[in-house]
Each structure stands twice: as C-alpha cells, then as structure tokens.
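S.K.: sequence unknown, structure follows:
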C-alpha cells in the first residue's frame, strides 16, 4: 500500500500568522498532536506540535539557561530559544524543517520515518516546479492502525473444507521460516496433522518460540498451533531473553 491509499486529504492547517492561543485550542478540541503550517497557496512551511508549546513564559516553563554554556551558544540559538518562549504566532515556534513523504511512498517508508525520527505523523507533499512542497495529505499512526483493521480479519477464516492439505501448509510454513534470520528450524521440527501445526525441538529463547507460533498462525489453512519447543541451554548459562 502507498501513502495515498490511507492519507487524510482534508488536512486541518494554520498559517504562519495564526495566534498560538488559537493553535492550542485547535490541538485540544481536535485532539491533534500537531498541525501543519501552510502559506496562502497551500505550500508547507512548517509544523507546530505540542512539544513546541511546552517551554512557554506563560507557564513558567522556559528552558533553564546555563550562563556558562550560553557563552558558547550562537546568537541565533539564543534568539530562537527566546522567540519560542515568548512569541505569539505560529511562525515564532513552528519547526521549519519538516519530515515529509510523497503520495507514492510505500507504507514501509512511512513507518521507517516515524520510527527513525520518533514522530507520530508524516505530511504528504507533492513537489512543485519552483521546488516548494504542496501539502496534499497527512498520514498518522492512527491511519496505519485503521488500515491494518481493514486488512486483517477479526477472526480467522473458517477452514472446514480443508482447502489446503497438511503437506501444503507445512511447505508454506517452512518456506516462511527459511526467509527469517532469527531461526534455523529444521524440517523435522515442524509437523502438521489435520490443519494443526506442531512445533518441536530447541529454540534459543522464548522470543524465537513466540515468533515461530506467530509465523505458523499466519499460514492459510492452519486451525491451531501446538508449541512443544524448549529453550536450549548452552554451557553453564542459558540463553535467555
């Protein structure tokens, strides 16, 4: 799936001149964690998040400055810190460098951006001829969860007709495990009878055992999984989680 398949297209935005009080109320009323900032043509110019509103003079939460360290800080750094704590408009506090993605970005790329940059939302933009970025949507973690809810059935599909033979189920599971770097499960340690997968033998830790069960449960036609594995002990110390 691509970003365009799940993104919100009707994005709530503010302008650089929007007062911070209005932005704060918007975040509370809409239960947003952040709001994009666009100019009059819809070009993305920044984003204001809850974190940008934490260190404020009104709250008495301005960042405590170390005078000794301030002596080594640039004028720009000090001026920006003051502006963030005392400014009254979106342009005073907004982050101007925004992590974005294109509408055709795969969801794997979106998730990697969220994890690597520790963010909860990614604005979706289209490049304009002048090099600016037109805001066309936004993808949040909630959007990803909603997409998952539409793709994963609430309960496993019935398999009373035994559409897949036990041999086919076993072959599919072994092929799946062969692609994984966290296990070297041999063929003799996987058996299938009447759609029930039995896992046998030693594993390095409980995490591997749980992952084996997850892999088996994801194979079409499986009606149940029985885990008979055990954690192996190598030398004096067990390999534990």
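M.R.: All right, it came through fine. Note that this is a predicted model, so its numbers are computed, not measured. Numbers count the residues shown, from 1 in each chain.
S.K.: helices and strands of the protein: which one bottoms out on pLDDT?
M.R.: strand 237-238 (a mean of 46; mean pLDDT, DSSP states H and E).
S.K.: shaky segments in the protein?
M.R.: 63-74, 77-78, 80, 153-164, 187, 233-241 (pLDDT under 70).
S.K.: Okay, helices next: where are they in this structure?
M.R.: Ranges of helices in the chain, per DSSP state H, are 3-6, 20-30, 67-70, 75-86, 90-93, 107-117, 141-151, 166-178, 206-217.
S.K.: Check which helices and strands the second one is in contact with.
M.R.: Spelled out, that is helix 20-30. Helices and strands touching helix 20-30, by 3 or more Cβ pairs under 8 Å, 6 or more residues apart in numbering; DSSP states H and E, are strand 34-38, helix 90-93. All C-beta spots, glycine's among them, are computed from the backbone N, C-alpha and C.
S.K.: Centre of the chain to the last one, how far?
M.R.: Centre-to-centre, helix 90-93 and its host chain are 27 Å apart (Cα atoms, centre = their mean, to the nearest Å).
S.K.: outside of it, which residues touch it?
M.R.: Residues outside helix 90-93 that contact it (Cβ atoms under 8 Å, 6 or more residues apart in numbering): 14-20, 23, 37, 46, 48, 52-53, 83-84, 86-87.
S.K.: and with 10 Å instead?
M.R.: 13-20, 22-23, 35, 37, 45-49, 51-53, 55-56, 80, 82-87 (Cβ atoms under 10 Å, 6 or more residues apart in numbering).
S.K.: Check which residues of it are buried.
M.R.: 90, 91, 92, 93 (16 or more other Cβ atoms under 10 Å).
S.K.: tell me the most buried of the helices of the chain?
M.R.: Most buried of the helices of the chain, by mean neighbour count (mean count of other Cβ atoms under 10 Å): helix 90-93, with a mean of 20.
S.K.: wait, what's in contact with the residue lying closest to residue 107 once chain neighbours are set aside?
M.R.: Of all residues not flanking residue 107 in the chain, residue 1 sits nearest, at 5.0 Å (Cβ to Cβ, 6 or more residues apart in numbering). Taking Cβ under 10 Å, 6+ apart, we find residue 1 in contact with 106, 107, 108, 110, 144, 147, 151.
S.K.: what do you get for residue 112?
M.R.: So residue 112 contacts 105, 106 (Cβ under 10 Å, 6+ apart).
S.K.: again with residue 96
M.R.: 37, 45, 46, 47.
S.K.: Taking those residues, tell me the two that lie furthest apart.
M.R.: Farthest-apart pair in the contacts of residue 96 is 45 and 47; separation 9.0 Å (Cβ to Cβ).
S.K.: What distance do you get for residue 175 to residue 51?
M.R.: Distance from residue 175 to residue 51, counting by Cβ to Cβ, to the nearest Å: 45 Å.
S.K.: domain assignment for this structure?
M.R.: 3-147, 158-231 (the TED database).
S.K.: And the nearest residue to residue 117 once chain neighbours are set aside, how far from residue 108?
M.R.: Computed as Cβ to Cβ, 6+ apart, the closest residue to residue 117 that is not its neighbour in sequence is residue 99, at 5.2 Å. Residue 99 sits 15 Å away from residue 108, going by Cβ to Cβ.
S.K.: now swap in residue 115 and tell me
M.R.: 11 Å.
S.K.: just residue 26 next, same as before
M.R.: From residue 26 to residue 108 the distance is 31 Å (Cβ to Cβ).
S.K.: swap in residue 220?
M.R.: 23 Å.
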